[in-house]
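> just to be clear, the model below is a prediction. Sequence and coordinates:
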Amino acid sequence: MLTYPILATFGLIFVGITYFFSWVSSFLTKFSGSVPKILNKSEWILLTDESNLIEGKLYKQIIFGPECYHIRRTDGIPSVIEDDVFGKRVIILKEGWLLERWNTTELANIPDFDICLYDPEEDKLTRLANIKCFDWHVAEQDEESLLLKWFDGTKGGEVKVALTDG
């Protein structure tokens, strides 16, 4: 009989403390300058600060993971890049733009990306390599090729790809 009032009191105190810290947290976020913005699926945003030629609209966000986008050219010219879904990573090279084309958005099958070179002058998308890893980067570049390195958490690798057809 005596335990019920004690348990109820602890429950009310716990709920009160939770509400108090929730209030303090929401109060402090008003003063924080870096509040993460949740994207609306209907908003078009620039994917890179280096150029304003392409923009993306959120297609899907993996929980605690990356986002994929439908992308288009901002100049209104119809493009081959409108047919696929791409990651947010855009690397601008003098030969074109490296884009991460998603082959699937099914959670069980990702990551599965084609690293593609997009030539905005000719509106041409060329598949360079397939990488099944979220963590990849350009390690080296010369006039004719790129060296892409990747690491999936347990193993790593590298892929050398040709930039030119010749």
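Structure received.

> surely T104 meets I110?
Yes. Look at T104 against I110 with Cβ atoms under 8 Å: they come within range, at 6.1 Å. All C-beta atoms are positioned from the backbone trio N, CA, C, and that covers glycine.

> more neighbours, these two?
Applying other Cβ atoms under 10 Å to T104 and I110 shows that I110 carries more neighbours, namely 18 against 13.

> who's in contact with the more buried one?
Contacts of I110 were listed using Cβ atoms under 8 Å, 6 or more residues apart in numbering, and they are 62, 102, 104.

> show me the contacts for G65.
Neighbouring residues of G65 by Cβ under 8 Å, 6+ apart: F134.

> just how off-centre is the helix or strand containing L99 within its chain?
Assigned by DSSP states H and E, L99 belongs to strand 97-102. On the basis of Cα atoms, centre = their mean, to the nearest Å, strand 97-102 sits 11 Å off its chain's mean C-alpha point.

> what strands line up against that strand, and which way round?
strand 85-92 (antiparallel), strand 113-119 (antiparallel) (DSSP bridges).

> then that strand to CSV, C-alphas only?
C-alpha atoms of strand 97-102 as CSV (Å, rounded to 0.1, in the frame of the first residue of the first chain):
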residue,chain,number,x,y,z
TRP,A,97,31.4,17.1,-62.8
LEU,A,98,31.7,13.9,-60.8
LEU,A,99,28.3,12.8,-59.7
GLU,A,100,27.2,9.9,-57.5
ARG,A,101,24.3,8.2,-59.4
TRP,A,102,22.3,5.9,-57.1
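
> and that strand, average pLDDT?
Mean per-residue pLDDT for strand 97-102: 90.
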